[in-house]
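Novice: A predicted structure for the sequence below; I have some questions about it.
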Amino acid sequence: MMLNVDNVSVRYGAVMALSGVSIEVSGGGCLHSIIGPNGAGKSTLMDAIVGKRKPTSGRILYRGEDITRKSEIWRRHNGMSRSFQRTSIFPGLTVREQLELVAHKLGDKRVDDVVEVMDLGDVLDVPAGQTAYGVQRRVDVALGLIGNPTLLLLDEPGAGLSAEETAGLFDHLRMLVRERRMQAVVVEHDVDAVFRLSDVISVLDLGKHVATGTPKEIRANPAVIAAYLGSEQ
Amino acid sequence: MTELTISSQPLRAGSGRLPRVALALAVFALGFAVPALLDQGYLLSILNKGLLLGILALGIAFLMHQCGLVLFGIASFYGVGAYGFAILTETGGLPGLPAAILAIALCGAFSFLVGAVIVRTRPLAFMMITLALGELLRHLTSIPELRGITHGVDGMIVNFQGTILGYEVFDFLDPAVFWPFVWTAACGTGLMMWLVANSMVGRTLRAIKENEERMRFCGFGTYLPRLLAFSLAGSIAGIAGVLQALASGFVSPELFGLVTSTNALLAAITGGLASIAGPVLGGVAFAAALDEFGALGYSQLFTGIAVVVVIVAMPRGLVVTLGTILPGLLARFAGKGRDDA
């Protein structure tokens, strides 16, 4: 098992953002999406997985190892990578400078591949902050792809993008996951894209795990319909 | 609205059509001819003071530009360099050159220890702690219990055995003798800053300044690079401190004072943070302004007004602004000359 979220709870003061969530993510060439209404705890779960937020209780196992207390730096050097809900890049550095910097740190000599896959060739020498928002999203994902991670966590990669751009980005991701045999875990609001492209979907609601299954299973799950999808689905 | 900008581009050595290396070497070589060109020792002494202030300003500008850290209390490290040299030569009995090298190294170690504690703090706390450190050291050098070493508020006469590169201690009081040392130090520190800023370390520092969280998620430790940058800035202040001790032949607790720190900070901002030449020329301009306005009896008043005017009118600093305006003016002037002809 690539990732095992084992009975994880996260509390913010009096608010229980995650309550005993357990999700298993199998490894290799699979796109696992996490969906749920606003306030379901999706981003908190992502933060707990990548080490930004320490769980109040429970464990995060990565390739069988308990990494609950490991730093985000350790996680990145061991194949776990993430992108952010709000674009998180280095606006004053050119696209080339930031990709090279991270590649240099992670010993990745295949930056050209990432540039090609994320279609950044035309903006390499432009300060990232001066590029269009859609490009910045791609830079964000590209930073996560450097170092050939085995587990890529993407927090709403389509946020702020048009439906067309989101579909394009998901197509890219789908291709990457297949070609590089990496595991992607995606939190996304665009339900159509999620159901079209995901291999596995987990649903959260009010900080609790509702269901995990294939898109077909999730569509038919009464608890999911009641909590999230609604009767028209 | 006027806004001081701290950009994330690498520190620039300057611009022009000549290859940069050749231009820099030519400027460096020509610098040694300055004492021969200025027949007034008085002007040379102002230049010396300006370059000393410029070296301090370089350290501040480096840390601001690369790390976004405002080193408000750079006088702490300046004073440690100066006192370190004076104490090592007097109490330690070391010859001049080894004492100077050791004093700078000690200042680097001191910066490292201070930085280890404070580079993690928030920007305001960082600023205030460095400021408080200067005041703390100023009092420490003044207390009677340490008078045997520091000579208290009376300060210390700098004296060392032997020579530094053939010059005895009193020779350095001559501005023409001191000039090559301070010129070499200013150019050397400028070169070092430029090399660091344009290396992968410099890029790492600017990326940390821009988005520290993302850097950690990209696998970078963010503490050590900032600590090293802080230590470098402190060491540079130590170099200026040793040179100050040589130039004046005297060290006193006032070296740690607020005035030293604020003058260097204002020189850096006035000259501009985004280039190597900016802080150095800012130091020279600031020293010249202090002297000129001091002659009128209103040194701080007029210097303050001048600084405000420069910051409001030229938020990117003297060097960048002049570098932007001058080529256009020169081209216009040349065009007008051709038309007249």
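Specialist: Thanks, I have it.
Novice: What residue in chain A comes nearest to chain B?
Specialist: Closest approach between chain A and chain B, counting by C-beta to the nearest C-beta: A:G92, at 2.6 Å. All C-beta atoms are positioned from the backbone trio N, CA, C, and that covers glycine.
Novice: Next, please give the residue ranges for the strands of chain B.
Specialist: Per DSSP state E, chain B carries strands over the ranges B:156-157, B:250-251.
Novice: So for chain A, which of the ones you listed sits nearest?
Specialist: Nearest of these to chain A, taken as C-beta to the nearest C-beta: strand B:250-251 at 40.2 Å.
Novice: Can you tell me how far the most centrally placed residue in chain A is from A:V8?
Specialist: With distances taken as C-alpha atoms, centre = their mean, the residue of chain A nearest its centroid is A:L154 (1.8 Å). A:L154 sits at a distance of 19 Å from A:V8 (criterion: C-beta to C-beta, to the nearest Å).
Novice: ranges for the helices of the stretch 151-300 of chain B?
Specialist: With helices called from DSSP state H, counting those that start in this stretch, the stretch 151-300 of chain B shows them at B:175-197, B:200-210, B:212-217, B:223-248, B:258-271, B:277-296, B:299-313.
Novice: and if you look at chain A?
Specialist: A:42-50, A:72-77, A:95-106, A:111-117, A:133-145, A:163-180, A:191-197, A:215-220, A:222-224 (DSSP state H).
Novice: Among these, which comes closest to A:M2?
Specialist: When the helices of chain A are compared by C-beta to C-beta, helix A:42-50 sits nearest A:M2, at 11.1 Å.
Novice: That closest one - what's its average pLDDT?
Specialist: The average pLDDT within helix A:42-50 is 91.
Novice: Now do that helix: everything it contacts.
Specialist: A:3, A:5, A:8, A:10, A:17-18, A:21, A:23, A:34-36, A:53-55, A:60, A:72, A:75, A:80, A:82, A:85, A:153, A:155-156, A:185, A:187, A:204, A:207, B:217 (C-beta atoms under 8 Å, 6 or more residues apart in numbering or on different chains).
Novice: Figure out how far stretch B:95-110 is from the centre of its chain.
Specialist: Stretch B:95-110 has its C-alpha centroid displaced from the chain centroid by 17 Å (C-alpha atoms, centre = their mean, to the nearest Å).
Novice: burial count for A:N4?
Specialist: 18 (other C-beta atoms under 10 Å in any protein chain shown).
Novice: Report pLDDT for it.
Specialist: Looking at A:N4, its pLDDT stands at 93.
Novice: likewise B:R17?
Specialist: Among the per-residue scores, B:R17 holds a pLDDT of 54.
Novice: For A:G158, which non-adjacent residue is spatially closest?
Specialist: Distances taken as C-beta to C-beta, 6 or more residues apart in numbering or on different chains place A:T166 nearest to A:G158, at 3.4 Å, with adjacent residues excluded.
Novice: List, one by one, the residues from chain A near chain B.
Specialist: Taking C-beta under 8 Å from any C-beta of the partner chain as the measure of proximity, chain A contacts chain B at A:50, A:52, A:71-73, A:76-77, A:81-82, A:84, A:88-93, A:97-98, A:101-102, A:104-106, A:143, A:146-147.
Novice: let's go with 6 Å and repeat that
Specialist: Applying C-beta under 6 Å from any C-beta of the partner chain, we find that chain A lies next to chain B at A:72-73, A:76-77, A:82, A:88, A:90, A:92, A:97, A:101-102, A:104-106.
Novice: Could you tell me which of those count as buried?
Specialist: Buried members of the residues of chain A next to chain B, counted by 16 or more other C-beta atoms under 10 Å in any protein chain shown: A:72-73, A:76, A:82, A:88, A:90, A:92, A:97, A:101-102, A:105-106.
Novice: export those to CSV and tack on distance to B:A29 and pLDDT?
Specialist: Converted to CSV, these look like this (distance: C-beta to C-beta, whole Å; pLDDT from 0 to 100):
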residue, distance to B:A29, pLDDT
A:E72, 50, 92
A:I73, 46, 93
A:R76, 47, 94
A:R82, 52, 89
A:S88, 47, 90
A:F90, 38, 95
A:G92, 34, 92
A:E97, 33, 94
A:L101, 35, 94
A:V102, 40, 95
A:K105, 39, 94
A:L106, 43, 93
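Novice: Please work out which residue of the stretch 151-300 of chain B is closest to chain A.
Specialist: Of all residues in the stretch 151-300 of chain B, B:G219 sits closest to chain A, at 3.7 Å by C-beta to the nearest C-beta.
Novice: Was I right to think that residue contacts A:R76?
Specialist: Yes. Taking contacts as C-beta atoms under 6 Å, B:G219 lies within contact range of A:R76: 3.7 Å.
Novice: hmm, back to that, per-residue confidence at the residue nearest to A:G158?
Specialist: Per-residue pLDDT puts A:T166 at 78.
Novice: ok, now B:T89?
Specialist: We note a pLDDT of 93 for B:T89 in this prediction.
Novice: Give the full set of residues in contact with it.
Specialist: B:99, B:160 (C-beta atoms under 6 Å, 6 or more residues apart in numbering or on different chains).
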